[in-house]
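Trainee: pasting the sequence and the predicted model now:
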Amino acid sequence: MTKVKICGLKEIEHVEAAVKAGADFIGFMFAPSKRRITVEEAIELAKSIPSTVKKVGVFVNEQTDIIRQIADQVELDYIQYHGDETQEEIQEIGLPAIKAFSIRGEEDIKRAATYDVDYYLFDSPGTNFRGGSGESFDWMLLDKVNIPMEKVILAGGLNGENVGLAIMLVEPFAVDVSSGVEVDGRKSSTAITNFIEIAKGELIL
Ligand SMILES: O=C(O)c1ccccc1NCC(=O)[C@H](O)[C@H](O)COP(=O)(O)O
């Protein structure tokens, strides 16, 4: 069954809704973003997350010691590198890693294959920030990917309406969403539940 990562959660009711609906990963933003939260807020939200649901900290070109410190304080399970981090930098930190790649064309797919990380998150290029744009990219580019699909997380512009098709075409290990479960710029428990149920095949539109 496809795993689901819900990203950019800031409020307890949305964390609880995601956990209840069966989210596998919950992402906290520690990089410039309208969804950024403080370490203290993340620690508080993390109290409602059972150990079966993995906590992901999203960083963009952050200093090594800050990543290590936040990972330790929030007890993060994965670090999501959403900037220009190199394989060497990721390896030096030595924590379980998700590397995000902005997909504009085949070159970006080839670049991803030069990394050795736990998961490869394919996203569309951001607009104001490095991610979370709500825009999708050409999923067909992933036909050329030389990475096992069991390590691929598909992101970028997914929502309750297109996630079923995306899963059918790409067959990724997991799907990731942020904007697509928001209403008027705020996460919606109903949209989160709906998205997870569709991605897991429990709800057919
Ligand atoms: O979500 C953000 O605001 C963000 C900002 C800067 C870097 C990464 C960011 N998000 C990381 C994610 O994993 C998002 O879920 C991913 O980019 C997909 O977002 P969306 O297209 O909004 O579903």
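Mentor: Yes, it's here.
Trainee: count of neighbours near the residue of the chain found nearest the ligand?
Mentor: Nearest to the ligand in the chain, going by Cβ to the nearest ligand atom, is Gly132, at a distance of 2.1 Å. In this view, the C-beta of every residue, glycine as well, is placed from N, C-alpha and C. Residues within reach of Gly132, counting by other Cβ atoms under 10 Å, total 26.
Trainee: and the pLDDT for the most centrally placed residue in the chain?
Mentor: With distances taken as Cα atoms, centre = their mean, Asp176 lies nearest the centre of the chain, 4.7 Å away. pLDDT, Asp176: 98.
Trainee: again with Met29
Mentor: Met29 is given a pLDDT of 98.
Trainee: if we can go back for a sec, quick one: the residue nearest to the centre of the chain is in a strand?
Mentor: Yes - counting by DSSP: H, G, I helix; E, B strand; the rest coil, Asp176 is part of a strand.
Trainee: in the helix or strand of the chain with the lowest mean pLDDT, what's buried?
Mentor: Within the chain, confidence by mean pLDDT, DSSP states H and E is lowest for helix 106-112 among all helices and strands, at a mean of 92. Of the residues in helix 106-112, Ile109, Ala112 count as buried by neighbour count, 16 or more other Cβ atoms under 10 Å.
Trainee: which residues touch it?
Mentor: With contacts defined as Cβ atoms under 8 Å, 6 or more residues apart in numbering, helix 106-112 is touched by Lys99, Phe101, Ser102, Ile103, Tyr120, Phe122, Leu141, Leu142, Lys144, Val145, Asn146, Ile147.
Trainee: for the fifth one, helix, strand, or coil?
Mentor: Translated: Tyr120. Following three-state DSSP, the label given to Tyr120 is strand.
Trainee: ok, now the one 5 residues further on?
Mentor: Under the three-state scheme (three-state DSSP), the conformation of Pro125 reads as coil.
Trainee: cool, thanks, talk later.
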